[in-house]
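> coordinates only, sequence not included:
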Ligand SMILES: Nc1ncnc2c1ncn2[C@@H]1O[C@H](COP(=O)(O)OP(=O)(O)O)[C@@H](O)[C@H]1O
Ligand SMILES: [Mg+2]
């Protein structure tokens, strides 16, 4: 028996029973479509998050005070470490080759007030470099002035929410506000950037780092951001930074280096697993669809008892009968898989059309797996009915009309 | 070409044993025209199924063209049915979703005969039963007599050496039944060995050898 003829014979049965075929195909269609759609969502979420992170820069090294006990995650502080100081930041800027830009960062929660209004906000002490490292866009004015880190300019840059709450729609540039008891002149407003993973810029007020440290009466920085020249030098530069700071801190290695790459790959892993999990959950529906196919095929076998008996009388072997029934089941599921694939991809496209920022696209492995699994499910769940068909007693099968 | 020696066939029905055939011996020669007659339940169909290698006997010897059938595997029996034996049934057993031509094609598909050869043989078969104009019709569009003719065309598509017909006219009016018998007899005249099971004595008496069976035993061979 030739393969084409086997397929043709199986197809004659599939096309001869429209409703039955429709129902079993529907199950597989839903299964495959849901695999495609859910993995598209998972993949979209992954790409979206990765993109957000990439905006933070993959050439960024973040230096934290304190030695992390574990590798990878955020540091757990053990003994009180040496402060990370402005001088350390300056030393990195001047002494580490490959470090393009260095921005020290101190942070405090303080009140910002105009004559009429006041509001709690996050005060970030930093330098001009920060705007470049974080790619901040200004709505108006300019960012903190360039110049010596240690200079205590009394100027500030407001996040858009803070500006709105303190000044409403009035112009804020050139106005004075009180921050922690000192008078600061507003020289810039950051363009609204919404909530991003690095924290909500809109809720922040930026002032020169030396001024904040003075107000806090401290010399300890929260972070030092180091922007490097080239992504592939990230490990080399990190080592240099560690070595330099160690030397400056009496030969104690009391800092932790945190790179974007590590966070990125952690998130990548987590979100990939999420996508796999979604795909797996959806695959359960494929199994259900397989059971549906099995049911339909069992009905088919018992309805076609006399046909099977006839085939045996005509000289069909058990193997041939198994083959045509398994092919029939495989055909049902392949057909359903194909339609499901079309629906799933169409749904993902539709989603992308309406939410262009969310890159919902089925990952290739999911597409391939969905198609193969759906066909496999049909073949697998076709075995039992096909075996039953092949073992029918031809005499009993033929004695029925 | 066929020899049965002391064949027994017993069925289990719950706790009871049904002795369908009890010691049947029979010879069928090439080109024979044999009728098997007897009351309902006498074992006619059981005998025919055994002859057609659809069933195996419990004891006795069955030689088909000199080969001992009981020693053949299932696959070898399939091959025997495919190439040497044609069946015609009371209820036609045409597949309703297939056309007349496709029904005739069926045994050739499972035998792996190539397309062109199949087409030729379908035409030949349709012509030999006089239904070339019905090739594209489905069984439900055909009369009973036409259905049985298509079934006969299917049975001879593989050029068997023997044709086994179990009550081929049992489901037909007398006129169609006549036509079917005429058709089968003309094939017998062309050399096909023919065995017809019937309880119509008028039809049965036309055979050159008339086997009477009762209670699983052959009571006379005329
Ligand atoms: N598969 C079977 N299982 C049990 N009993 C059967 C089976 N086939 C036939 N019989 C019994 O064997 C006897 C002969 O049956 P059968 O050959 O069909 O008779 P006929 O065709 O002459 O009417 C009957 O009593 C019938 O009930
Ligand atoms: Mg009978």
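Arrived safely, thanks for sending. Source: prediction; values computed, not measured. Ligands and ions are numbered 1, 2, ... in the order given.
> what about the residue nearest to residue B:147 when sequence neighbours are not counted, which SS state?
Once flanking residues are discounted, residue B:147 sits nearest to residue B:92: 4.5 Å by C-beta to C-beta, 6 or more residues apart in numbering or on different chains. C-betas here are computed from N, CA, C, even on glycine. Classification of residue B:92 by DSSP: H, G, I helix; E, B strand; the rest coil places it in coil.
> where do the helices sit along the chain?
Here I'm looking at chain A. A:3-16, A:18-56, A:86-95, A:129-133, A:160-167, A:209-216, A:234-248, A:260-303, A:305-313, A:318-354, A:364-390, A:394-399 (DSSP state H).
> Please refer instead to chain B.
Under DSSP H, chain B gives helices at B:44-51, B:74-84, B:100-110, B:115-128, B:144-156, B:174-189, B:201-204.
> Identify all contacting residues around the shortest one.
This means helix B:201-204. With contacts defined as C-beta atoms under 8 Å, 6 or more residues apart in numbering or on different chains, helix B:201-204 is touched by B:35, B:36, B:37, B:169, B:177, B:181, B:196, B:198, B:210.
> mind listing what the residue nearest the centre of chain B touches?
Nearest to the geometric centre of chain B sits residue B:164, at 2.0 Å (C-alpha atoms, centre = their mean). By C-beta under 8 Å, 6+ apart, residue B:164 lies in contact with B:48, B:51, B:52, B:85, B:86, B:87, B:88, B:195, B:197.
> hang on, isn't the third one packed against residue B:84?
No - here residue B:52 does not reach residue B:84: they are 9.8 Å apart, not a contact under C-beta atoms under 8 Å.
> relative to helix A:209-216, how tilted is the strand ranked longest in chain A?
Identified as the longest strand of chain A according to DSSP state E is strand A:99-113. Per axes from the mean of the first three to the mean of the last three C-alpha atoms, to 10 degrees, the angle that strand A:99-113 makes with helix A:209-216 is 40 degrees.
> pLDDT wise, what is residue A:47 at?
The per-residue pLDDT reported for residue A:47 equals 85.
> Name the nearest residue to it, sequence neighbours excluded.
Per C-beta to C-beta, 6+ apart, closest to residue A:47 is residue A:359, 4.4 Å.
> From chain B, how far off is the one you found?
47 Å (C-beta to the nearest C-beta, to the nearest Å).
> what about that residue, how many neighbours?
18 (other C-beta atoms under 10 Å in any protein chain shown).
> just the one 4 residues further on next, same as before
The burial metric for residue A:363, expressed as a neighbour count using other C-beta under 10 Å, is 20.
> cool, and residue B:205?
12.
> Quick check: residue A:341 touching residue A:370?
Yes - if you go by C-beta under 8 Å, residue A:341 and residue A:370 touch, sitting 6.5 Å apart.
> quick one: which of the two has more around it?
residue A:370 (27 against 20).
> Get me the contact residues on the stretch 251-400 of chain A for chain B.
Residues of the stretch 251-400 of chain A lying near chain B by C-beta under 8 Å from any C-beta of the partner chain: A:306-307, A:309-320, A:394-395, A:398-399.
> How far off centre is stretch A:138-156?
In terms of C-alpha atoms, centre = their mean, to the nearest Å, the gap separating the centre of stretch A:138-156 from the centre of its chain is 35 Å.
> Flag the shaky bits of chain B, pLDDT-wise.
Chain B contains no residues with pLDDT under 70.
> Check whether stretch A:13-22 comes near chain B.
Yes - on the criterion C-beta under 8 Å from any C-beta, stretch A:13-22 is in touch with chain B at A:13, A:16, A:17.
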